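[1] Sequence and computational prediction follow.
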Amino acid sequence: MDSKYLDLLAQKYDSEEKVANEIINLEAILNLPKGTEHFVSDLHGEYQAFQHVLRNGSGNVKVKIKDLFKDELQEKELNEFATLVYYPEEKLQLIKSNFSSKQELREWYIEIIERMLKLVAYASSKYTRSKLRRALPKQFIYIIEELLYKTDEFTNKKEYYAKMVDQVIALGQADKLIIGLAYTTQRLVVDHLHVVGDIYDRGPDPHKIVDTLIDYHSVDIQWGNHDALWIGAFAGSKVCLANIIRICARYNNLDIIEDVYGINLRPLLNLAEKYYDDNPVFRPKRISDETLTEQEQLQITKIHQAISMIQFKLESPIIKRRPCFEMEDRLLLEKVDYKNKTATIHGITYALENTCFATIDPEQPDRLLDEEQQVMDKLLFSIQHSEKLARHMNFLMKKGSLYLQYNGNLLIHGCIPLEENGDMKKMEIEGKSYAGRDLLDVFEQYLRHAFANPDETDDFATDMVWYLWTGENSSLFGKREMTTFERYFIKEKETHKERKNPYYYLREDEEMCGRMLAEFDLDPEHGRIINGHTPVKEIDGEDPIKANGKMIVIDGGFSKAYQSTTGIAGYTLLYNSYGMQLVAHQKFNSKEEVLSNGTDVLSVKRLVDEELERKKVRETNIGEKLSQEIANLNSLRKHRYME
Ligand SMILES: O=P(O)(O)OC[C@H]1O[C@](O)(COP(=O)(O)O)[C@@H](O)[C@@H]1O
Ligand SMILES: [Mn+2]
């Protein structure tokens, strides 16, 4: 071992006892059961539903409550208590309004505090005390620890404990203590969270999800295609920017752009008002409850058209300057016969409907009008100067990656591009050929380069981020082409089809999954691939657990827009020391509903795999790091304190 490193270590552990202490501590931790990992994906802006699964730990909180109290509490009381743990602030208000006397309330407090303490003790039983301490509400650490670790076999301290709780209540601190204990429980049931992509688009509150993740105790993200699109916009890609605005308009979410991220849409609106009219296919999708006025709908419809046409125009020069993207098929504006309103695609001529080509010069269909150019310049400037967006995108970059190997599993949003015969699909980039893991690594390098150089807007790296959104070989997209243009303007459904990469049927095969795991240096025998991106249609009998459990697809439709296709409201995956369980969530209506009638979203658990022996920290990624630390400490001990 490097002697300089030992010197540094010796500064921290400046006596043999200190070194020994730390070794004892770490060795002991290695023998604890592994922490619970929680996987979610395709959240698509559905903050409330996401909050709910986070707060109930995908049903884990309820399990713990039942374990502890099933003999003493009725079903209704169990549910009430669970709701108190999920939404302590609101539930406390509701419950407290039912008490008529102070005495009644006081008795209730005593009972609930006792119950909460039992729950925290149980939920933390597989963690160290120091980990529990970190999860406790700061202002109550001392009191909670006293109450949690009360060992009063000689009953000398009975009154002392009772007085403590009494005083908490008398001094008006009971609510805060209960709230703190509820959040501690939530935090303890999930040790680490994985978000397997697609936080953004379609739903109303992606920013609130990111804010929650920023404050979350332990999290990583595997970017989804929609997340990459937002990163791309912030990194300077105008075509990515046009796409995010288009999708926000389509789903009636322009306030995310305008109010949340502070981007002025006025110039775009002016342009839209000037060139566009009503158009049925560009009307916003009605997925939010609030009703828009006719005037507002019309405005969005016009913006939607304006930004879509800008998007189509912006795609063209990129396709032309990047032959390696092999996207010439997508030069659709050039395939249009503007006089006859038809387009010839793959040799077939189709009539175009609901067109909005007012800003198109048929001679140069991809030329932006000066006005369009100016609008995009302004939009790009303000998106790149949005402080809030900067904070959110920096976070996605810091915690995110294209894929992740974690505790033996491969986490990836979309796919590993494959040939039909199962070979890794090759892509030629700047004169070099890449496939499999190398391809994904080079994609990630470009994305990071683009992000680090926001002033370069037309360079290869920035174009590459757009390719990740829509290119055939993109591991995030995984389809032959994105048929946005066709779906707006052509009636014939055959043109809407987006052919999937062979990965999506090959992943049903166990051996193929093993090959992909091996490509990422993971053990095919024990590892699994955790995927998002393609909604699993339970409604049609599709199984999210594929390839004999080697492949788990957890896109179950948090996105309300997709729930009618999937038939459920999202999957989450839990991986604790006993094994893996997939949880299928039923439709989540609202927090208010949970609060008022105590009903929880019914979740159905399915066992993916049961460990024969409980998995320990030693066998995890963190365990590996700790073992390395132990080795270093042993070497310090040997070379500095024993020789
Ligand atoms: O349902 P919408 O809003 O039209 O979006 C459809 C588009 O979204 C995509 O499915 C990509 O989004 P996902 O990553 O959520 O699948 C495209 O392939 C498709 O063109
Ligand atoms: Mn996706």
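    Perfect, thanks for sending it. Ligands and ions are numbered 1, 2, ... in the order given.
[2] And the longest helix along the chain, what does it pack against?
    Ranked by number of residues, the top helix in the chain under DSSP state H is helix 294-321. Judged by 3 or more Cβ pairs under 8 Å, 6 or more residues apart in numbering; DSSP states H and E, helix 294-321 is in contact with helix 238-250, helix 266-275, helix 370-384, helix 460-470, helix 484-489. C-beta here means a position set from N, CA and C on the backbone, and glycine is covered the same way.
[3] For K378, which residues are in contact?
    N264, P267 (Cβ atoms under 8 Å, 6 or more residues apart in numbering).
[4] Next one: it relative to T301, how far apart?
    Distance of K378 to T301, computed by Cβ to Cβ, to the nearest Å: 22 Å.
[5] which helices and strands sit right next to the least confident helix or strand in the chain by mean pLDDT?
    Every helix and strand in the chain was compared by mean pLDDT, DSSP states H and E; the lowest is strand 603-610, with a mean of 72. Counting contacts by 3+ Cβ pairs under 8 Å, 6+ apart, strand 603-610 is packed against strand 579-585.
[6] in the strand it packs on, what's buried?
    Using 16 or more other Cβ atoms under 10 Å as the test for burial, strand 579-585 gives M580, Q581, L582, V583, A584, H585.
[7] got CSV for the residues you listed, with distance to ligand 1 too?
    Formatted as CSV, the buried residues of strand 579-585 follow (distance: Cβ to the nearest ligand atom, whole Å):
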residue, distance to ligand 1
M580, 24
Q581, 25
L582, 20
V583, 21
A584, 19
H585, 18
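[8] Filter these to keep only those in contact with ligand 2.
    Applying Cβ under 5 Å from the ion to these, one finds that nothing falls near ligand 2.
[9] And those residues, which is the shakiest by pLDDT?
    Minimum pLDDT across those is recorded for H585, with 82.
[10] mind listing what the residue sitting nearest the centre point of the chain touches?
    Centroid-nearest residue in the chain: V195, 3.3 Å away (criterion: Cα atoms, centre = their mean). Going by Cβ under 8 Å, 6+ apart, V195 touches V40, S41, L43, L213, V219, D220, I221, Q222.
[11] Can you pull out the low-pLDDT segments for this protein?
    Low-confidence segments of the chain, defined by pLDDT under 70: 1, 151-156, 286-290, 598-604.
[12] Against ligand 2, how distant is the residue in the stretch 201-350 of the chain that ligand 1 sits nearest to?
    Among the residues of the stretch 201-350 of the chain, N225 lies closest to ligand 1, at 4.7 Å counting by Cβ to the nearest ligand atom. Using Cβ to the ion, to the nearest Å, we find N225 at a distance of 5 Å from ligand 2.
[13] Can you report how many residues lie near that residue?
    N225 has 24 neighbours, counted by other Cβ atoms under 10 Å.
[14] I'd guessed it sits against C415; true?
    No: assessed by Cβ atoms under 8 Å, N225 is found out of contact with C415, at 10.7 Å.
[15] can you tell me the helix or strand for R437?
    R437 belongs to helix 436-452 when assigned by DSSP states H and E.
[16] got a list of contacts for that helix?
    Helix 436-452 is contacted from outside by 223, 228, 231-232, 234-237, 393, 397, 401-403, 416-417, 424-427, 429, 434, 456, 459-462, 464-465, 468, 473-475, 519-520, using Cβ under 8 Å, 6+ apart.
[17] Show me what counts as buried in it.
    By neighbour count on 16+ other Cβ under 10 Å, the buried set for helix 436-452 is 436-437, 439-440, 442-444, 446-451.
[18] CSV for the residues you listed, including distance to ligand 1?
    As requested, the buried residues of helix 436-452 are exported to CSV (distance: Cβ to the nearest ligand atom, whole Å):
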residue, distance to ligand 1
G436, 21
R437, 22
L439, 19
L440, 17
V442, 21
F443, 16
E444, 18
Y446, 20
L447, 16
R448, 21
H449, 23
A450, 20
F451, 20
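[19] can you tell me which of those residues lies nearest to Q364?
    Nearest to Q364 out of the buried residues of helix 436-452 is A450 (Cβ to Cβ; 27.6 Å).
[20] How about stretch 204-212 and ligand 1, touching?
    No: Stretch 204-212 does not reach ligand 1 (Cβ under 6 Å from any ligand atom); its nearest approach is 12.6 Å.
[21] which residues are in contact with that stretch?
    Residues outside stretch 204-212 that contact it (Cβ under 8 Å, 6+ apart) are 43-48, 50-51, 54, 199-200, 253, 256, 260-261, 288, 388, 392, 395-396.
[22] Format the CA atom coordinates belonging to that stretch as CSV.
    C-alpha atoms of stretch 204-212 as CSV (Å, rounded to 0.1, in the frame of the first residue of the first chain):
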residue,chain,number,x,y,z
PRO,A,204,-47.8,17.6,-14.4
ASP,A,205,-45.0,17.6,-11.7
PRO,A,206,-41.6,16.2,-12.8
HIS,A,207,-39.9,19.1,-11.0
LYS,A,208,-41.5,18.1,-7.7
ILE,A,209,-40.2,14.6,-8.2
VAL,A,210,-36.7,15.9,-8.8
ASP,A,211,-37.0,18.1,-5.7
THR,A,212,-38.0,15.0,-3.7
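[23] sorry, back to before: and the residue nearest to the centre of the chain, its phi and psi?
    Per-residue torsions, V195: phi -110, psi 110 (degrees, to the nearest 10).
[24] Who does it form a beta bridge with?
    V40, I221 (DSSP bridges).
[25] Which of the three states applies to D455?
    Here D455 is recorded as coil under DSSP: H, G, I helix; E, B strand; the rest coil.
[26] Just give the closest residue to it, not the sequence neighbours.
    The shortest distance from D455 to any non-neighbouring residue, by Cβ to Cβ, 6 or more residues apart in numbering, is to G236 (6.8 Å).
[27] residues contacting the one you found?
    L380, Q384, A450, N453, P454, D455, E456, T457, T462.
[28] Out of those residues, which are close to ligand 2?
    Okay, of those, nothing touches ligand 2 (Cβ under 5 Å from the ion).
[29] Could you tell me which of those residues count as buried?
    Buried among these (16+ other Cβ under 10 Å): L380, Q384, A450, P454, T457, T462.
[30] number of nearby residues for whichever residue of the stretch 501-643 of the chain sits closest to ligand 1?
    Closest residue of the stretch 501-643 of the chain to ligand 1, Cβ to the nearest ligand atom: H533 (5.4 Å). A total of 25 residues lie near H533 under the criterion other Cβ under 10 Å.
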